[in-house]
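*Asks:* sequence plus predicted model, see below.
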Amino acid sequence: MELWQRTREFGRGTEVPEDDIAKARGKLVAQTQGAAAPSRARSPRRPVWIGAGTLAGAAAVTVGVLLIAQNQSVPTLPEAIASPTPVVTPKPVPTPTPTPTAEPAQSTSSILAGAAQASLNVPERQPGQYLKIVDERTSMVFYSDEYGVSDLGSSRMNAESAWAYVSQSERYVPADLMSEWAYVQGGGALLDVYFGADAQVRAEEFWDEASGSYSPGAVSYWAGGGFILIGSWPTDGGDGSRGRLFQTMPTDPNEIMDWLMEIGVDPHKRAWLLTKLLAENVGSPAQRAGLYLALSTLPESQLVAYDDHRATIVSTSKYGADHADPSQWDTVTIDRATGYVLEYSIRRFSNPEFMSDDLPDEHHVYSLSVVDSAP
């Protein structure tokens, strides 16, 4: 049994005369009033909340009074020791932590201007260094009885079936773009994504043939990075390599626009070409900055998403004789710290009855690093 329970049981059933209780109470009050008072003035009292512990203490005092009265003898209490009034030291009020200022709302032009500046902050590669670009590509294949597979004219507009596969490759881009670029072939796999009649059967037939050309780890070398098909490039009948294309490309955004006209780019497709060249990730810092600033002048390019680290821009192009409606959508996701393109996708035409517009024809995810050697 707890002590407080035993105390309550002690003396139960014994009547205590009221006079004895009064005497005991008077004795106790006299002793406690004789205690020395603190020399300093007390602070004005504040309201005190009495909890269960306070009530228990009061009960104990009452019991003590009853016990003294029962014994008819009141012992002399020791001198009460005055408890000094506690000194209340004001606690310092903490200075509120300022709330981080939210980034101002961004626009297409401000994001592209920021990407241009970030590009200029990236140091040039030195001789002997390579930009290693790992490309994970997801591709849609469209099939129609009339045209066969995509490369022969099929698209989501006329496809009877479609499927997807994924592949990986690496390229090593030298500081001197006219030197040899190294390409390393990776593996590939058919994805479980099918649309239309007999899609899975046709996909397996396609993959049986296509996968035979994969040789993971095989390395090939191309001077200047190999040929690139853009507009009427090369306009002088010379080398049509990537390296030479970037050699001829200016850095001023206005001059870049004029240069596009010189190499035969349709004005309705300028946004596509600027986006494609940015996705190459191989231009000099000044060239990539110029491409971003040129892109910012086109209303066809719009900011669709951003956070502290990335931003996504969608550019539209118009094909056909009348150029009435957008027919191609190019999307880049930009690393805002470096200006490099981390993702690039292309969708040609729109046919939501056949497949969702959220699925592009091609989607590339890039991983970039600077290395000191190539395979």
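*Replies:* Ah, there it is.
*Asks:* and stretch 234-249, average pLDDT?
*Replies:* Mean pLDDT, stretch 234-249: 86.
*Asks:* gap between the two ends of it?
*Replies:* Using Cα to Cα, to the nearest Å, the span of stretch 234-249 from its first residue to its last is 12 Å.
*Asks:* can you point out the buried residues in that stretch?
*Replies:* For stretch 234-249, burial by neighbour count (16 or more other Cβ atoms under 10 Å) applies to 234, 240-246, 249. Yep, even glycine has a C-beta here, placed from its N, CA and C like the rest.
*Asks:* so how far is it from its chain's centroid?
*Replies:* For stretch 234-249, the separation from the chain centroid amounts to 38 Å (computed by Cα atoms, centre = their mean, to the nearest Å).
*Asks:* could you do stretch 230-248 as well?
*Replies:* The chain centroid and the centroid of stretch 230-248 are separated by 38 Å, computed with Cα atoms, centre = their mean.
*Asks:* can we start the residue count at 178 from this point?
*Replies:* Will do, 178 is the new start, and the previous item becomes stretch 407-425.
*Asks:* so what touches it?
*Replies:* Stretch 407-425 is contacted by residues 353-356, 358, 399-406, 436-437, 439-443, 450, 453, 457, 459-461, 464 when judged by Cβ atoms under 8 Å, 6 or more residues apart in numbering.
*Asks:* that older thread, now intersect the buried residues of stretch 411-426 with the strands, please.
*Replies:* Judged by DSSP state E, strands contain none of the buried residues of stretch 411-426.
*Asks:* farthest pair within the residues you listed?
*Replies:* G417 and M426 (13.6 Å; Cβ to Cβ).
*Asks:* related to what we said a few turns ago, list buried residues within the contacts of stretch 407-425.
*Replies:* 354-356, 358, 401-402, 405, 436-437, 440, 442, 450, 453, 457, 459-461, 464.
*Asks:* hmm, back to that, name the nearest of the buried residues of stretch 411-426 relative to A471.
*Replies:* Using Cβ to Cβ, M426 comes nearest to A471 of these, at 10.5 Å.
*Asks:* I'd assumed V459 was in contact with the closest one.
*Replies:* No - if you go by Cβ atoms under 8 Å, M426 and V459 don't touch, sitting 10.8 Å apart.
*Asks:* so which residues of the stretch 328-477 of the chain form helices?
*Replies:* Counting by DSSP state H, counting those that start in this stretch, the stretch 328-477 of the chain has these helices, from start to end: 376-387, 419-425, 430-439, 447-457, 462-472.
*Asks:* tabulate the CA atom coordinates of the longest one in CSV.
*Replies:* What follows is helix 376-387, C-alpha atoms only, in CSV (Å, rounded to 0.1, in the frame of the first residue of the first chain):
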residue,chain,number,x,y,z
ALA,A,376,0.9,-4.5,-82.4
GLN,A,377,2.6,-7.1,-80.2
VAL,A,378,3.1,-9.6,-83.1
ARG,A,379,4.5,-6.9,-85.3
ALA,A,380,6.7,-5.6,-82.5
GLU,A,381,8.3,-9.0,-81.9
GLU,A,382,9.0,-9.4,-85.6
PHE,A,383,10.5,-6.0,-85.7
TRP,A,384,12.7,-6.6,-82.7
ASP,A,385,13.9,-10.0,-83.9
GLU,A,386,15.4,-8.2,-86.9
ALA,A,387,16.5,-4.9,-85.2
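*Asks:* tell me the average confidence for it?
*Replies:* For helix 376-387, mean pLDDT is 94.
*Asks:* quick one: buried residues of it?
*Replies:* Applying 16+ other Cβ under 10 Å to helix 376-387 flags 376, 379-380, 383-384 as buried.
*Asks:* contact partners of that helix?
*Replies:* 318, 320, 326, 338-340, 342, 365, 367, 371.
*Asks:* just put these in JSON lines and tack on pLDDT, neighbour count and distance to D312.
*Replies:* Output for those, formatted as JSON lines (pLDDT from 0 to 100; neighbours: other Cβ atoms under 10 Å; distance: Cβ to Cβ, whole Å):
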{"residue": "V318", "pLDDT": "96", "neighbour count": "22", "distance to D312": "18"}
{"residue": "Y320", "pLDDT": "96", "neighbour count": "26", "distance to D312": "24"}
{"residue": "V326", "pLDDT": "91", "neighbour count": "17", "distance to D312": "21"}
{"residue": "S338", "pLDDT": "97", "neighbour count": "21", "distance to D312": "26"}
{"residue": "A339", "pLDDT": "97", "neighbour count": "26", "distance to D312": "22"}
{"residue": "W340", "pLDDT": "97", "neighbour count": "24", "distance to D312": "20"}
{"residue": "Y342", "pLDDT": "96", "neighbour count": "19", "distance to D312": "14"}
{"residue": "G365", "pLDDT": "93", "neighbour count": "19", "distance to D312": "12"}
{"residue": "L367", "pLDDT": "95", "neighbour count": "19", "distance to D312": "18"}
{"residue": "Y371", "pLDDT": "96", "neighbour count": "17", "distance to D312": "24"}
